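K.L.:
Next input, structure requested:
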Amino acid sequence: MPFTTPPAPVCAPPLRVLIVDDHELARAGLRALLAAEPGIAIVGEAGDGEQALELCRFERPDLVLLDVCMPGMDGLATARALKLAHPAIQVLIVTLHAHPGYLIEAVRAGAAGYVLKHASREDLLTAIHRVGRGETLLAQTVIAQAFQQLRAAPVSAPASAPGSLTPREREVLRLLAQGRTNRQIGQCLGISPGTAKNHVEHILAKLGVSDRTQAAARAVELGLLS
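P.N.:
Got it, this is the predicted structure:
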């Protein structure tokens, strides 16, 4: 049998990350953390929201690490503008503020994750990789308080009545709100990841939201989760 050279392994492109924080020391800390992490490439840094939006136009990062409190355009306003202009870019809020109101507004602004700056190195890297893959991750120390606020908030009309969710979609929604992936949802319910994905897409459409994190928040607002 003639010898054939095996195909070269296909390497996934690095996760392109933009760091946005008005404190230089905070940016330096994140830069040092990520510089040694395989599979991550830092494409730029910004000290305010306007500069972040300008860099996103040219660099098109996969993920933006975004502080909440910044002068001028704050992190929440930046997240809203960023997701409006570049829906494919993921946003991870990295902040000192364990304030449930910030988490709620971050989710409504389109952020896929919310972690605290005092999180461990391992937890922060896990959040970055998970959000970079399109998953969601919210700080557990803040989410319970945030959900209490959402339950007490006035409810606006959804794109579709809550009753239009099927019993299976409600099961999927409950697992989605726990941060489960499509594969994990499938394992819990005995269905394929593809079927789980289809259920998630139907849920997003019925709740009138664009991503899984917003679906979880919307479900709490509507009283769909215990």
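K.L.:
what's in contact with the helix or strand harbouring L55?
P.N.:
Per DSSP states H and E, L55 falls inside helix 49-59. The contact list for helix 49-59 (CB atoms under 8 Å, 6 or more residues apart in numbering) reads 16, 18, 20, 43-44, 46, 61, 64, 66, 70, 72-75, 77-78, 81-82, 85-86, 89. All C-beta spots, glycine's among them, are computed from the backbone N, C-alpha and C.
K.L.:
Count residues in the vicinity of L30, would you?
P.N.:
22 (other CB atoms under 10 Å).
K.L.:
Pull the lengthiest helix in the chain out as CSV, backbone CA atoms only.
P.N.:
Secondary structure of the chain read by DSSP state H shows that its longest helix is helix 193-207. The C-alpha coordinates for helix 193-207 follow below in CSV (Å, rounded to 0.1, in the frame of the first residue of the first chain):
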residue,chain,number,x,y,z
PRO,A,193,-29.3,17.9,20.7
GLY,A,194,-30.8,18.9,17.3
THR,A,195,-34.3,18.5,18.7
ALA,A,196,-33.4,20.5,21.8
LYS,A,197,-32.0,23.2,19.5
ASN,A,198,-35.3,23.3,17.6
HIS,A,199,-37.2,23.6,20.8
VAL,A,200,-35.0,26.5,21.9
GLU,A,201,-35.5,28.3,18.6
HIS,A,202,-39.3,28.0,19.0
ILE,A,203,-39.1,29.3,22.6
LEU,A,204,-37.0,32.3,21.5
ALA,A,205,-39.5,33.1,18.8
LYS,A,206,-42.6,32.7,21.1
LEU,A,207,-41.1,34.9,23.9
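K.L.:
now the following helix or strand past that helix and helix 193-207, what's the angle there?
P.N.:
Sequence-wise, the next helix or strand downstream of helix 193-207 (DSSP H and E) is helix 212-221. Relative orientation of helix 212-221 versus helix 193-207 (axes from the mean of the first three to the mean of the last three CA atoms, to 10 degrees): 60 degrees.
K.L.:
starting at the chain centroid, how far to helix 212-221?
P.N.:
In terms of CA atoms, centre = their mean, to the nearest Å, the centre of helix 212-221 is found 12 Å from the chain centre.
K.L.:
swap in stretch 59-71?
P.N.:
That offset, for stretch 59-71, works out to 12 Å (CA atoms, centre = their mean).
K.L.:
Quick check, central residue of the protein?
P.N.:
A112 (1.3 Å; CA atoms, centre = their mean).
K.L.:
Quick check, it in contact with S210.
P.N.:
No - assessed by CB atoms under 8 Å, A112 is found out of contact with S210, at 10.5 Å.
K.L.:
in the chain, which spans are strands?
P.N.:
Ranges of strands within the chain are 15-20, 40-46, 63-66, 90-95, 113-116, 137-138, based on DSSP state E.
K.L.:
Quick check: mean pLDDT of the first one?
P.N.:
For strand 15-20, the mean per-residue pLDDT is 96.
K.L.:
So, low pLDDT: which residues of the chain?
P.N.:
1-11, 138-163, 220-221, 223, 225-226 (pLDDT under 70).
K.L.:
Swap in 80 and give it another go.
P.N.:
1-12, 98-104, 135-163, 177-180, 209-226 (pLDDT under 80).
K.L.:
Domain ranges for it, per the record?
P.N.:
As recorded under automatic domain parsing, the domains making up the chain are 15-148, 155-221.
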